[in-house]
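Q: Okay, structure incoming, though there's no sequence with it:
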């Protein structure tokens, strides 16, 4: 009785500690993003954030109906721009919505201040969701808080989410992680498929927030396609190691996600019917069609009373695939001939060809569109360049649906970021989750060894059988037993399964031997010293990175010859002078980045920004 009470108290303390770490991670995520606010005040940063604020202010003052029909004459003069139908409005809608909520509850804030703090708030929310995702995928409760601690401060996310950096990515990363978390959560069990609704809603928010929604859609589509392949086409040895896919649950989850997500996406003006016409989004659509066809096969099989996997069921499956597959193929062919599907966008083509051959000098000239370098990965991931690959390998151990998602997400994020430097932002959440998997398993391992030592010191040696039982409670022993059980089932049918079983038993024997136990304790002791050292180094680096990138640009810090640090506000004074001393219909000739800033800062001044034609002719 006393022993069970002690175990209960220990479990409660660990749960409380994990919750405390989550809270600390959220507070840290908020604090590390407020350097610019503490130093320069509640000021929106230069260029794109000012245009985003300009659009937010128009939505706030004129309402949503006029916003979506708004033609802005104060930018890209004399052409102007139909802003309401050419931007992703998620951030503007979010900020105005927050203003109304705060005003209703008696906590009013200015629209400017809300826009300044949005990156900080959503950075904290992304931290929570990343921790939940890591815990869901890894099966380790300790992976959640460790992943959250990494996500809170990782530079790959901070670079687009500092206070005042009112960029689309500051909320889009949160929407992306939310979509992935609820997608994976919907696959947990037979009754978890309703979470596919939340995955679809988060995806709609992602579509409204950023053009990177294409990656999110294809990421879920690739994972769903992989589950389909494992269910119907994987060899028996793979199925024995992988376990159950649960096709019916995946069918319901993906159907909800795709239907809700696609319907919502088509309501975003800048997107429209693109999800049904774009070549880069056709893959998930085909996966959706495949799921519906196979779902129909299952319905027909059950009605006819055929056993799953029987010759009659396979024959039925083949017949349905031939008929419906032929019809779908014919429809696609007709639509292709009619020009229904558009070509790949120039940015997507740029991921697969050399950037000097995209045909667009503007795209070619942008530094962040170039392939990522090793130094870029170190700059934005730092020590997670080492921890994340370890977590990636951990995911192959006792692999399941959720771990497969982390594997695919990590691989595809790395692939695309290697093609375009800007897409390193996609690596921030997955690197944090994978690092959390590695660190969480390390914490589990250390705690298991500590528990073993404490148990032995209190109870002493009670015989080899009891020692073996104690060892069997470690994760490695459990995993070896689980794998042995799963493999024994197919030993008579496949030689490879028998070899895996023998190998697992050999590893378990070494792991549980006396030298193995000594080695485990020594390795756990090493981890106790090594991990805090590297994590403290990572924390210090992230703090320095956050300070260095928290520069509004329109004001900045400088150092006098005597060592005194001052804030230089010459740019800010210049913009204020222009606003106060020029006519309301003045035209300002500027480079295009400043053309984005001027309408927002000067409010009513027209800006003539250098267009692509000028860039093409004068940047040689």
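A: Arrived safely. It should be emphasised that the depicted structure is a prediction, and the values quoted were computed from it without experimental measurement.
Q: other SSEs contacting the helix or strand that contains residue 103?
A: Remark: residue 103 resides in helix 90-104, with elements defined by DSSP states H and E. With contacts taken as 3 or more CB pairs under 8 Å, 6 or more residues apart in numbering; DSSP states H and E, helix 90-104 sits against helix 48-62, helix 111-138, helix 169-185, helix 195-209. All C-beta spots, glycine's among them, are computed from the backbone N, C-alpha and C.
Q: Return the angle between stretch directions for the last one and helix 169-185.
A: When you say that, I think you mean helix 195-209. Helix 195-209 and helix 169-185 meet at an angle of 160 degrees, taking axes from the mean of the first three to the mean of the last three CA atoms, to 10 degrees as the criterion.
Q: any idea how far stretch 199-209 is from the chain center?
A: 13 Å (CA atoms, centre = their mean, to the nearest Å).
Q: List the buried residues in that stretch.
A: 199, 200, 201, 202, 203, 204, 205, 206, 207, 208, 209 (16 or more other CB atoms under 10 Å).
Q: Quickly compare the helices and strands packed on helix 90-104 and say which is most buried.
A: helix 169-185 (a mean of 27; mean count of other CB atoms under 10 Å).
Q: Next, the angle from that helix to helix 48-62.
A: Using the same axes, to 10 degrees: helix 169-185 against helix 48-62 is 80 degrees.
Q: With adjacent residues omitted, what lies nearest to residue 144?
A: Closest residue to residue 144 apart from its sequence neighbours, by CB to CB, 6 or more residues apart in numbering: residue 135 at 3.2 Å.
Q: my bad, should have said residue 147
A: residue 436 (2.4 Å).
Q: show me what contacts the one you found?
A: Neighbouring residues of residue 436 by CB atoms under 8 Å, 6 or more residues apart in numbering: 130-131, 134-135, 138, 143-151, 391.
Q: now swap in residue 304 and tell me
A: Contacts for residue 304 were tallied using CB under 8 Å, 6+ apart; they are 312, 316.
Q: Report the distance from the helix holding residue 103 to the chain centre.
A: Counting by CA atoms, centre = their mean, helix 90-104 is centred 24 Å from the centre of its parent chain.
Q: any chance you could map the helices in the stretch 351-500 of the chain?
A: In the stretch 351-500 of the chain, the segments counted as helices under DSSP state H, counting those that start in this stretch are 361-365, 374-381, 384-394, 401-419, 427-459, 464-471, 475-488, 495-512.
Q: could you redo those as CSV and give each row distance to residue 583 and mean pLDDT?
A: Below are the helices of the stretch 351-500 of the chain laid out as CSV (distance: least, CB to CB, whole Å; pLDDT from 0 to 100):
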stretch, distance to residue 583, mean pLDDT
helix 361-365, 32, 63
helix 374-381, 45, 95
helix 384-394, 53, 96
helix 401-419, 47, 94
helix 427-459, 45, 91
helix 464-471, 83, 48
helix 475-488, 72, 45
helix 495-512, 80, 72
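Q: Without its sequence neighbours, what residue ends up closest to the residue most central in space within the chain?
A: The residue lying closest to the centre of the chain (CA atoms, centre = their mean) is residue 177, at 4.0 Å. Of all residues not flanking residue 177 in the chain, residue 129 sits nearest, at 4.3 Å (CB to CB, 6+ apart).
Q: which residues does that neighbour contact?
A: 174, 177, 178, 181.
Q: Can you tell me how far the third one is from residue 76?
A: This means residue 178. 34 Å (CB to CB, to the nearest Å).
Q: same question, the first one
A: Distance, residue 174 to residue 76, using CB to CB: 30 Å.
Q: ok, now the last one?
A: Counting by CB to CB, the gap between residue 181 and residue 76 amounts to 39 Å.
Q: what's the answer for residue 420, then?
A: Residue 420 is 25 Å from residue 76, by CB to CB.
Q: Repeat that for residue 199.
A: Residue 199 is 37 Å from residue 76, by CB to CB.
Q: and the residue nearest to residue 89 when sequence neighbours are not counted, what does it touch?
A: Among residues not flanking residue 89 along the chain, residue 208 sits closest, at 6.0 Å (CB to CB, 6+ apart). Going by CB under 8 Å, 6+ apart, residue 208 touches 88, 89, 90, 93, 268.
Q: Switch those residues over to CSV; also include distance to residue 276.
A: Formatted as CSV, these follow (distance: CB to CB, whole Å):
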residue, distance to residue 276
88, 18
89, 21
90, 21
93, 24
268, 13
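Q: Residue 102 is in contact with residue 111, isn't it?
A: No. At 10.5 Å, residue 102 does not count as touching residue 111 under the criterion of CB atoms under 8 Å.
Q: Great, nothing more from me.
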